[in-house]
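Q: sequence and predicted structure below; questions after.
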Amino acid sequence: KRRGLPFSLELALSRVSELVGPLNCPRFCRAGQAFERCLKYAFRLCMAREGTVRCASLLKIDDDLSILLDCGWDDMFRESDVSALAEVAETVTHVLISHPDLLHLGALPYAKKRFGLDAPIYATLPVHKMGQMYLYDQYLSRHEVGEFSLFSLDDVDAVFASFKTLQYSQTVQLCDKGKTVSITPFNAGHLVGGTVWRINVDGEDVVYAVDINHRKDLHLNGANLEQIFDKPALMITSGSSSLVSPVSKQVRDREFLGSILQTLRSDGNVLLPVDTAGRVLELICLLENHWQKNQLRNYQLVLLTSVAYNTMEFAKSQLEWMNNSFTTSFEHTRTNAFSTKFMKICHSKSDLMKLPKKPRVVMASLGSMESGPARELLIDWAMTPNNLIIFTQNPVQDSLAHQLQTGLSGSVRVQISRRVPLDGKELVDYNLAQEKLMVVKEENGKEDAGGKESIVPDSFHAQSVRTSSGALARLASSANTTSAISIVEHGFKDVLIEGFVPNEDCAGPLFPFHVEKKEVDEYGEAIDESHFKVEVEEEEADMGGWDATDMEVEVDDRPTKVVSIGMTLHLRATVMLLDFEGKSDSYSMKTIIGNVGPRELVVVSGSSAAVGMLVQGVKSEDVRKVYSPGNLQYVNISSIAVSSFSLKMSEDLLGVIQLQSIGPYSVAWVQGKVEKAESEEKGEAEHLLVPVEKKFRSQHASAFVGDFSLGDLRQDLVKGGIKTELIQGVLVCDDLISIQRVGNHNEIVIQGPLSPKYYRVRDILYGQYSVCSS
């Protein structure tokens, strides 16, 4: 901070103690008592159905800060499941989104539209981009088979416009009523851009880590919580994968690829119901690599979703968020892992039917099979014994996919719906109804305009409509007395305007003038590719039946109707379930929680059995309290003692201390006394730290803060021209001076004859630390 300006100093004594090590860190005391406060957390599950795996929770901190942790829904879209959001939506101050799938952000458009959720939303860039793809695909798929009114594409765009995107390890301060609150995202390893959130409140960490994956995938790095977090005050995690047993990836992949090839070689087709833009990327990498390795040109590999092209384009531009090998390969060879050679892209079943007839593997959405191309292909392929259906994720409860996996009785009742254009008498009746509706609207508009005073609008956006006959039209009708008087008052005469009819609300003649609106993206004004296009005669690039232009997500505005029939589907195809969900299993989660060592733990989402198993497994660990709140239940967590206190430093004290940057902290020896002073802003007493008189100051030794390895020290000594040798953990310098670690605290001991070389070695040793002195 600038010298001379007062600012708040957070004396995080416990943190400094960890940095300094065994040194005695004095606490600032007044009247013989150490300042100690207690952060109060209230945690509530915003769910309305037991056993759900979607995430939506509210974290309240000291009754001042309300953070909505995810805002998920599932593919069943039951409005009762998100009804609890109505009670808290208007009080939410911030929203943190951890993953881009429906289970973590699916209810955002609905909550913004119906409940008035208007808080800033924080997420990583891939969560923002891929989350849009999830919701676009859901709407387009639902719209094809019925009337879907929960949200529209405009609602999706509106909610994503309020996103604030962050990079991994980027800290953002949330200023709230004098508290020091910051958020930082870290890699979760489950989906691209997936996030573990650190919420730091006045030096104490709250960790939100749901649906994490510690194992490295083909396209994602694994989460590494143990190296990031150390004994946070509170950790919030999920129990959705607690019933999953650890499985070898090699065994799983071998079974997966072997079953697919066996089906293709018997002239069968393989259906993989997948999500829109999440775990499907792992399957694409696995299958594309296998196709390239074995040159399987006789079998087709297809991605079939409503937004398939956009999903792949976003994946190509997000390599920095994925496996390190992807970035390295692109930097050295310019090879993009998602520039596929064998996989073809289709956006509808009709696109798929245009491909040559070969045995094929189709990755189709939606994974729940409630709608979308996967449901259509199921109806076509389920009754053929040679075909194979592989589910790669646990299904949503009560969905068609759930029925196929749990009730393998040989048949299932399904509803087949399809949207078809109106024709014949239905189209005529629809047009007549629309014309009547327009007439009624025009009449209502005239009545409203006649009942109001004639006023020039503040902003006139309506375009004058050009008439087809080119007839003359008067500016104002003599029948409208109010308008005529208004025209006289404004000094306008009866003007004849040829070629267009002016808007009724205008006070004077306005000739049509169209202002082109320039398209703008996140990089500025959009570039028209046609200006730079060079006509070159070449063979059409193989894009899987789709040209390489950005797909406009639009809905056909022709009048249509939905036709539905029911049928019994006799299942003859083989059904398999293989775990490609990308979540840490029960044993791994217990190990991770034990290594992180949170003082208190909250387990959310998942079935009662899964949550109960995780709770029982971590109670034996060094966790003081474990909570598993029920739906709509508040949990008050107020026993988190913090050995710190916020003090305002006086200008006199600020001028004499010497702050030194040590990692993310600024550390200094401070000797002062606490006094009460009246705050100019709040008008109430606050604690002020002022200097101690010189005669009362105590002497202290310098503190060496930080740590290093003997290997790093050896490199610095060699750079300084000192010969070194490491013998059984002892670093010997020029055969005279030895440096080693001893004791339980790994204290550094330097021994040797006093000489210029000794002091030279000691100076290099001191250089490994940050020395904090008075």
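A: Perfect, I can see it now. Numbering: from 1, shown residues only.

Q: what ranges does the stretch 251-400 of the chain have for its strands?
A: Taking DSSP state E, counting those that start in this stretch, the strands of the stretch 251-400 of the chain run over residues 270-273, 300-304, 343-346, 360-364, 388-391.

Q: pretty sure residue 579 belongs to a helix, no?
A: No. According to DSSP: H, G, I helix; E, B strand; the rest coil, residue 579 belongs to no helix; its state is coil.

Q: and it, how many neighbours does it have?
A: As a burial measure, residue 579 scores 18 neighbours (other CB atoms under 10 Å). For every residue, glycine as well, the C-beta is placed using N, CA and C.

Q: can you check the one 10 residues further on too?
A: Counted with other CB under 10 Å, the burial measure for residue 589 works out to 25 neighbours.

Q: and the helix or strand hosting it, what does it pack onto?
A: Per DSSP states H and E: residue 589 is located in helix 586-596. Applying 3 or more CB pairs under 8 Å, 6 or more residues apart in numbering; DSSP states H and E, one finds that helix 586-596 makes contact with strand 234-238, helix 608-618.

Q: one more time with 10 Å, if that's ok
A: Here helix 586-596 touches strand 204-209, strand 234-238, strand 600-604, helix 608-618, going by 3 or more CB pairs under 10 Å, 6 or more residues apart in numbering; DSSP states H and E.

Q: so which of those is the most surrounded?
A: Mean neighbours per residue, mean count of other CB atoms under 10 Å, is largest over the helices and strands packed on helix 586-596 for strand 234-238, with a mean of 26.

Q: what pairs with that one, parallel or antiparallel?
A: Paired with strand 234-238 in the same sheet, following DSSP bridges, are strand 204-209 (parallel), strand 600-604 (parallel).

Q: ranking these by mean pLDDT, which is last?
A: Of all the strands paired with strand 234-238, mean pLDDT reaches its minimum on strand 600-604 (a mean of 86).

Q: what angle do it and helix 586-596 make?
A: Counting by axes from the mean of the first three to the mean of the last three CA atoms, to 10 degrees, strand 600-604 points 150 degrees away from the direction of helix 586-596.

Q: report the angle between the axes of strand 600-604 and helix 608-618?
A: Going by the same axes, to 10 degrees, strand 600-604 is angled at 160 degrees with respect to helix 608-618.

Q: would JSON lines of the strands of the stretch 251-400 of the chain with mean pLDDT be doable?
A: What follows is the strands of the stretch 251-400 of the chain, written out as JSON lines (pLDDT from 0 to 100):
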{"stretch": "strand 270-273", "mean pLDDT": "95"}
{"stretch": "strand 300-304", "mean pLDDT": "94"}
{"stretch": "strand 343-346", "mean pLDDT": "93"}
{"stretch": "strand 360-364", "mean pLDDT": "95"}
{"stretch": "strand 388-391", "mean pLDDT": "93"}
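
Q: so how far is the lengthiest helix in the chain from its chain's centroid?
A: In the chain, assigned by DSSP state H, the helix with the most residues is helix 424-450. Taking CA atoms, centre = their mean, to the nearest Å, the mean C-alpha location of helix 424-450 is offset from the chain mean by 44 Å.

Q: tell me where the stretch 251-400 of the chain has helices.
A: Secondary structure of the stretch 251-400 of the chain, counting by DSSP state H, counting those that start in this stretch: helices at 280-294, 308-316, 324-333, 349-353, 373-381, 400-406.

Q: you'd agree residue 262 is up against residue 268?
A: Yes. Look at residue 262 against residue 268 with CB atoms under 10 Å: they come within range, at 8.6 Å.

Q: that older thread, export the strands paired with strand 234-238 as JSON lines, with columns for distance to residue 240.
A: Shown next, in JSON lines, are these (distance: least, CB to CB, whole Å):
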{"stretch": "strand 204-209", "distance to residue 240": "12"}
{"stretch": "strand 600-604", "distance to residue 240": "9"}
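
Q: so how far is residue 174 from the nearest residue to residue 577 once chain neighbours are set aside?
A: Closest residue to residue 577 apart from its sequence neighbours, by CB to CB, 6 or more residues apart in numbering: residue 391 at 4.8 Å. Per CB to CB, to the nearest Å, residue 391 is found 40 Å from residue 174.

Q: comparing these two, which shows the higher neighbour count?
A: Counted by other CB under 10 Å, residue 391 and residue 174 do not tie: residue 391 has more neighbours, with 22 against 18.

Q: wait, that one sits on residue 574?
A: No. If you go by CB under 10 Å, residue 391 and residue 574 don't touch, sitting 11.6 Å apart.

Q: just checking, residue 284 touches residue 301?
A: Yes. Using CB under 10 Å, residue 284 is in contact with residue 301, at 8.7 Å.

Q: between these two, what contacts are shared?
A: By the contact definition CB atoms under 10 Å, 6 or more residues apart in numbering, residue 284 and residue 301 are jointly contacted by 340, 343, 363.

Q: format those as TSV; extra columns: distance to residue 253 and neighbour count.
A: Shown next, in TSV, are the shared contacts of residue 284 and residue 301 (distance: CB to CB, whole Å; neighbours: other CB atoms under 10 Å):
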residue	distance to residue 253	neighbour count
340	18	20
343	17	19
363	16	25
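
Q: may I see the helices and strands packed on helix 586-596 arranged in TSV, with distance to residue 404 as well?
A: TSV is the format used below for the helices and strands packed on helix 586-596 (distance: least, CB to CB, whole Å):
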stretch	distance to residue 404
strand 204-209	32
strand 234-238	25
strand 600-604	28
helix 608-618	22
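
Q: who wins for proximity to residue 401 among the ones you listed?
A: Residue 401 lies closest to helix 608-618 among the helices and strands packed on helix 586-596, at 18.8 Å (CB to CB).

Q: for the closest one, name the packing helices and strands.
A: Checking 3+ CB pairs under 10 Å, 6+ apart, helix 608-618 ends up next to strand 234-238, helix 586-596, strand 600-604, strand 625-627.

Q: any idea how far it is from the chain center?
A: 26 Å.

Q: also stretch 695-707?
A: Stretch 695-707 sits 45 Å away from the centroid of its parent chain (CA atoms, centre = their mean).

Q: torsion angles phi and psi at residue 575?
A: Backbone torsions of residue 575, given as degrees, to the nearest 10, read phi -120, psi 130.

Q: residue 674 and residue 695, how far apart?
A: 19 Å.

Q: scratch that, residue 266 is what I was asking about
A: Here residue 266 is placed at a distance of 95 Å from residue 695 (CB to CB).

Q: how about residue 388?
A: Counting by CB to CB, the gap from residue 388 to residue 695 is 87 Å.

Q: the two - which one has more neighbours?
A: Neighbour comparison, residue 388 and residue 695: the larger count goes to residue 388, with 22 against 5 (by other CB under 10 Å).

Q: contacting residues for the closest residue to that one other than its chain neighbours?
A: Nearest non-adjacent residue to residue 388, counting by CB to CB, 6+ apart: residue 263, 4.2 Å away. Residue 263 sits next to 269, 270, 299, 359, 361, 386, 387, 388, 389, 390, 573, 574 when contact means CB under 10 Å, 6+ apart.

Q: secondary structure element holding residue 757?
A: Using DSSP H and E, residue 757 falls within helix 756-766.

Q: do the same with residue 164
A: If you go by DSSP H and E, residue 164 is part of strand 163-166.

Q: helices or strands next to that strand in the packing?
A: strand 94-96, strand 121-124, helix 125-145, strand 179-187.

Q: try it again with 7 Å
A: Judged by 3 or more CB pairs under 7 Å, 6 or more residues apart in numbering; DSSP states H and E, the packing partners of strand 163-166 are strand 121-124, helix 125-145.

Q: so which of the ones you listed is the most surrounded?
A: For the helices and strands packed on strand 163-166, the largest average neighbour count (mean count of other CB under 10 Å) is found in strand 121-124, namely a mean of 26.
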